[in-house]
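> sequence? don't have it. structure:
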Ligand SMILES: Cc1cc2nc3c(=O)[nH]c(=O)nc-3n(C[C@H](O)[C@H](O)[C@H](O)COP(=O)(O)OP(=O)(O)OC[C@H]3O[C@@H](n4cnc5c(N)ncnc54)[C@H](O)[C@@H]3O)c2cc1C
Ligand code: SF4
């Protein structure tokens, strides 16, 4: 403990504490109300009908039978759907997707909504939906990467990723003493948060109230308002709890728009909640990729070139191309680097960002390819990575704002016992005869910031209220954010009232991109600091205060006292200042975003190293990850318990990516044949063993005022490759397709 | 979900009287209700057997056989001390199936009657001869990686997914049924049917018949000291088998006096081959012998799609299960029942 205390406490004592989730008890006791738990007076239930073909047209719906079913109040089809003010095929903002809201009879993918049935009960609406018995005109479907022409595109930000090119790539190829040219494939994955997408919509004139899980409250308000021709401020969105989001709850979706429309038509509140099966289509997914990596090294195993070509699926009507090849951009010091993206249009729902978009799929392929190179060079995989350690950002030469990756490698390797690893594959068996292999991967994720606002109000009784609309996806954001807020005000946690998850509060920005704690936390910190400065000025102007005359200085707060910065002898308690000067509440506000010049000056990323042990039955091919050690440097850790839990969650996702998750298509019908949790596998407890997380200290003065980078997504990266490499090491088999299956290890 | 009538009879006689074409028996509902939700099955009437307390007993009969009521839950049966002692691989197979919650709900009869996991059977919009006779079989050219390599027909390549049924088959269980024309018994080997041209006929039950009990013969407990179930799967727990084997040996003086083994997940019924078992009788256990027996059991196996790999996996699974049985039934149920990782020490239980 002593060295923890010796560290400078830049931001007070609440941060750094492993507090448990503030909403934990409410959640485990069921007191927490998720969106779908709300049932206002007069509620109707909506059910959408998913298309069972993937391409073609709806030619017939038995509306009459559905309408006749007792309890059905309304059947919405392209024939009678009232106009919407927003154009579903427009993209009004950077983060908009085109959606299907019964604009025509065209079917673009299986699972697309083709009608909405509203009823007095969920059962009535469900049966009404069944009775519609759609008929179709079917066209041939394309659901595999080979089913359509690949195309290149002009990068256009979100959805159409830019590649990169640095140095002379052809020269890099020519200069290589050894090289690999390998193609890796990753499967389509569907977010499938535990809580499926839901909405309870109520209208009062032209004011709309939504109970809806949202990773981006203000963006959602604007997004939904757009479709109904009302100003965003007419939308009140409440999202107190989310049962996970993973990127899929940040966007406007068609089914939710239809439910809101149904509520307006009925003049009654309407609830819609997707079934598990309905999650496989209209609410985004991680697109399948095929990635070709051509890497070259010189005699010293230093990279002469990284040439990473990504091919990814997108839909026929919108663009989201998994930016997989970008994972190669900021990591290894290759003399030349090229990352490019191409896409294939398929009859599928539009993919979208899913936990570590780009980096997860790209890192899976890159880290395996690096392993293949190390083997070719006859050196240890960790040594290979150290020889190619980037001291500055590859290509741009920008310094890193901070980068403790070397420490991640060494601490992770030491904890794992990596030094004992035999170089050759298929050398080790455990006491039960199982093949045992060790593999590693580098973890990497950018540290972005978005924009957020917050307010803080100090009350005369010594308590404070802080407010921001920030979302908590279940990862504990509200706890970490409250810790930051309390520190900014110099208050203990129990003096802090924290309000979030509601659109009436200041814009808390987006919970995504691993930038939420940095951004919303930055805004809260700024708001608290504003209050402290105001109170300091009040004291400075008061002859009776020990701070009198200090008005040119800056103030800091600790333990409910204001101090003159740099002079601990001059301070006064909040309560004394406020009592003497008769101040009522003091309200401050703050915002956070990253100034462009800061973003220019430094490369900003989290880093890590993941080490995996797998065991494989030599004859039967069944695999299991038996140990997983991840060491991560992600700036300042506000709450070690929650950060570790996030990192562990990411690593478990890595297990899932490597060994389990795959949406399987029937390539004739275009339907996903395993669209439920019996068929769509994710790891269960027995698949997660020996999981350890180390957070490596990193003091980053440049990334933002609080030195926070982010831990939400990086755990997925590195892990997938580490597992693939461990399977290679265990078995001698190199499998270049994720997830790796028993049959892959049996073949041949 | 289509509307249906729910009947809750108080006696077996009432239950049988309530049956009519289009009606289904309801056990724990863990399979039937799922299929009703997807629309794959649309029974007009559910006859809930839940109140038939007489079907909840597990008893040892005077002749030493054990009789298990149709409504005993999978969880209770797995934990039954007599079953654990006399037919340990039945418990091991049950505990390797589904999850704790599901096993609490699932009944013995429901497990025997559970439907194939073929994706197209579950999808009402797919062509499936088993669900809708004459419509075709979408699995033939579709997603069939985990479908049959033994006993399939052009009409249907589905597998029976049950773990429980595999040791039942090896142990010569008997199914007791009751129906409009009285009671009768069906040997487990005759209970599940291969598809042939009529895949819609899945079992030997006649319309209106229900399972009332299962019987495990007294003689079958003679294998208790050398009986194992092995299940290969795509994750460590909570996954259906991709190949499994229940192997039981009666050892005498270091030699195999009698052997029984059945394979799961490879055909529409647990697969038992008497010639393969006969190869083992009188022999001393060794790996080459087990391989020969496994080869004999898989004789005639052919891929029905992208599943040729299951043939070799089936062989290896059988050979391994026989070796595990020869090594002896463990004193305690492994923390990971039926798993290739079962020998891992210090593991928390993941049943
Ligand atoms: C996610 C998931 C994972 C699973 N994993 C496994 C696994 O790994 N291994 C495994 O073996 N199983 C697995 N199962 C299947 C499970 O074992 C079965 O669902 C269960 O055994 C069915 O029993 P039940 O009582 O719920 O049957 P129900 O769903 O009530 O009925 C199933 C069928 O049996 C019929 N039936 C019920 N009782 C009788 C009776 N007395 N006489 C005649 N017919 C009757 C019904 O009419 C119906 O057709 C899994 C299921 C799920 C949902
Ligand atoms: S294999 Fe059998 S169950 Fe599957 S689609 Fe074909 S007929 Fe139906």
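The structure has been received and is ready for your questions. Keep in mind it's a predicted model, so treat the numbers as computed, not measured. Ligands and ions are numbered 1, 2, ... in the order given.
> hmm, the host helix or strand of residue A:625 in reach of chain B?
In this assignment (DSSP states H and E), residue A:625 forms part of strand A:623-633. Yes. Strand A:623-633 reaches chain B (Cβ under 8 Å from any Cβ of the partner chain) through residue A:624. C-beta here means a position set from N, CA and C on the backbone, and glycine is covered the same way.
> output the contacting helices and strands for the helix or strand just after that strand.
With elements assigned by DSSP H and E, the helix or strand that comes after strand A:623-633 is helix A:640-659. Helix A:640-659 makes packing contacts with helix A:359-377, strand A:605-616, strand A:623-633, strand A:691-695, helix A:719-731 when contacts are defined by 3 or more Cβ pairs under 8 Å, 6 or more residues apart in numbering or on different chains; DSSP states H and E.
> before we move on, the earlier item: output the contacting helices and strands for the strand holding residue A:625.
helix A:405-416, strand A:435-446, strand A:605-616, helix A:640-659, strand A:691-695, helix A:719-731.
> buried set for the longest one?
What that stands for is helix A:640-659. For helix A:640-659, a neighbour-count test (16 or more other Cβ atoms under 10 Å in any protein chain shown) marks A:641-659 as buried.
> now the first one
Neighbour-count burial for helix A:405-416 flags A:405, A:407-413, A:416 (criterion: 16+ other Cβ under 10 Å).
> any idea of the mean pLDDT in that helix?
In this model, helix A:405-416 has an average pLDDT of 98.
> cool, and the fourth one?
Looking at helix A:640-659 alone, the average pLDDT works out to 98.
> do the same with stretch A:360-373
In this model, stretch A:360-373 has a mean pLDDT of 98.
> in it, what's buried?
Quick answer for stretch A:360-373 (16+ other Cβ under 10 Å): A:360-373.
> ok, stretch A:105-125 next?
Neighbour-count burial for stretch A:105-125, counted by 16+ other Cβ under 10 Å, picks out A:105-120, A:122, A:124-125.
> show only the entries of the residues you listed found in strands.
Those of the buried residues of stretch A:105-125 mapping onto strands are A:106-107, A:113-119, per DSSP state E.
> dump these to a markdown table, plus pLDDT and distance to residue A:715.
Formatted as a markdown table, these follow (pLDDT from 0 to 100; distance: Cβ to Cβ, whole Å):
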| residue | pLDDT | distance to residue A:715 |
| --- | --- | --- |
| A:106 | 98 | 40 |
| A:107 | 98 | 37 |
| A:113 | 98 | 34 |
| A:114 | 98 | 38 |
| A:115 | 98 | 40 |
| A:116 | 98 | 38 |
| A:117 | 98 | 41 |
| A:118 | 98 | 41 |
| A:119 | 98 | 43 |
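> ok, which stretches of the stretch 401-550 of chain A are strands?
Remark: strands assigned in the stretch 401-550 of chain A by DSSP state E, counting those that start in this stretch are A:428-429, A:435-446, A:452-458, A:464-467, A:496-499.
> assign residue B:78 to helix, strand or coil.
Of the three states, residue B:78 takes helix according to DSSP: H, G, I helix; E, B strand; the rest coil.
> tally of neighbours for it?
By other Cβ atoms under 10 Å in any protein chain shown, the residues close to residue B:78 number 23.
> next, the contact list for it, please.
B:90-91, B:94-95, B:103 (Cβ atoms under 8 Å, 6 or more residues apart in numbering or on different chains).
> likewise residue A:182?
Shown here is residue A:182, whose contacts under the criterion Cβ under 8 Å, 6+ apart are A:292-293, A:368-369, A:372, A:736.
> in which helix or strand does it reside?
strand A:178-186.
> helices or strands up against the following helix or strand past that strand?
Next helix or strand after strand A:178-186 toward the C-terminus (DSSP H and E): strand A:198-204. Counting contacts by 3+ Cβ pairs under 8 Å, 6+ apart, strand A:198-204 is packed against strand A:207-211, helix A:254-266, strand A:270-273.
> how about TSV for the ones you listed, with mean neighbour count added?
TSV is the format used below for the helices and strands packed on strand A:198-204 (neighbours: other Cβ atoms under 10 Å in any protein chain shown):
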stretch	mean neighbour count
strand A:207-211	20
helix A:254-266	24
strand A:270-273	26
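> need the ones you listed in a markdown table (columns: distance to chain B and mean pLDDT).
Conversion of the helices and strands packed on strand A:198-204 to a markdown table gives the following (distance: least, Cβ to the nearest Cβ, whole Å; pLDDT from 0 to 100):
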| stretch | distance to chain B | mean pLDDT |
| --- | --- | --- |
| strand A:207-211 | 25 | 98 |
| helix A:254-266 | 18 | 98 |
| strand A:270-273 | 14 | 98 |
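> need the ones you listed in a markdown table (columns: distance to ligand 1).
A markdown table is the format used below for the helices and strands packed on strand A:198-204 (distance: least, Cβ to the nearest ligand atom, whole Å):
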| stretch | distance to ligand 1 |
| --- | --- |
| strand A:207-211 | 30 |
| helix A:254-266 | 25 |
| strand A:270-273 | 21 |
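> could these go into TSV alongside distance to residue A:609?
Shown next, in TSV, are the helices and strands packed on strand A:198-204 (distance: least, Cβ to Cβ, whole Å):
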stretch	distance to residue A:609
strand A:207-211	42
helix A:254-266	40
strand A:270-273	41
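> nearest to residue A:284, out of the helices and strands packed on strand A:623-633?
Residue A:284 lies closest to helix A:640-659 among those, at 15.9 Å (Cβ to Cβ).
> ok, the residue of the stretch 451-600 of chain A found nearest ligand 2 - contacts?
In the stretch 451-600 of chain A, the residue that lies nearest ligand 2 is residue A:474 (37.8 Å; Cβ to the nearest ligand atom). When contacts are counted by Cβ under 8 Å, 6+ apart, residue A:474 touches A:241-244.
> which of those fall within helices?
Nothing among the contacts of residue A:474 maps onto helices, per DSSP state H.
> neighbour-wise, which one of those leads?
Going by other Cβ under 10 Å, residue A:242 tops those with 24 neighbours.
> any idea how far it is from residue A:213?
4 Å (Cβ to Cβ, to the nearest Å).
> which residue does chain A bring closest to ligand 1?
For chain A, Cβ to the nearest ligand atom, closest residue to ligand 1: residue A:678, 3.7 Å.
> out of everything not next to it in sequence, what's closest to that residue?
Excluding the flanking residues, the one nearest residue A:678 by Cβ to Cβ, 6 or more residues apart in numbering or on different chains is residue B:117, at 7.5 Å.
> where do the helices sit along chain B?
Ranges of helices within chain B are B:12-18, B:32-38, B:74-79, B:81-86, B:88-95, B:100-105, B:108-113, B:119-122, B:165-170, B:188-191, B:274-280, B:287-297, B:309-327, based on DSSP H.
> looking at the ones you listed, which is buried most?
Ranked by average neighbour count under the criterion mean count of other Cβ atoms under 10 Å in any protein chain shown, the helices of chain B are headed by helix B:165-170 at a mean of 30.
> quick one: residues in contact with that one.
The contact list for helix B:165-170 (Cβ under 8 Å, 6+ apart) reads B:87, B:89-90, B:92-93, B:111-112, B:188-189, B:192, B:214, B:216, B:227, B:229, B:244-248, B:260-264, B:269-270, B:272.
> distance between it and the chain's centre?
Distance of helix B:165-170 from its chain centroid, counting by Cα atoms, centre = their mean, to the nearest Å, is 6 Å.
> between which two of the contacts of residue B:78 is the distance greatest?
The widest separation within the contacts of residue B:78, taken as Cβ to Cβ, falls between B:90 and B:103 and amounts to 13.0 Å.
> backbone dihedrals for the residue of chain A closest to ligand 1, both of them.
phi -80, psi -30 (degrees, to the nearest 10).
> how about low-confidence regions in the chain?
All of this is about chain A. A:1-11, A:748 (pLDDT under 70).
> to clarify, I was referring to chain B.
Counting by pLDDT under 70, the ranges of chain B that qualify are B:1, B:344-351.
> skipping adjacent residues, who's closest to residue A:574 in space?
Nearest one to residue A:574, counting by Cβ to Cβ, 6+ apart, is residue A:560 at 5.1 Å.
> great, nothing more from me.
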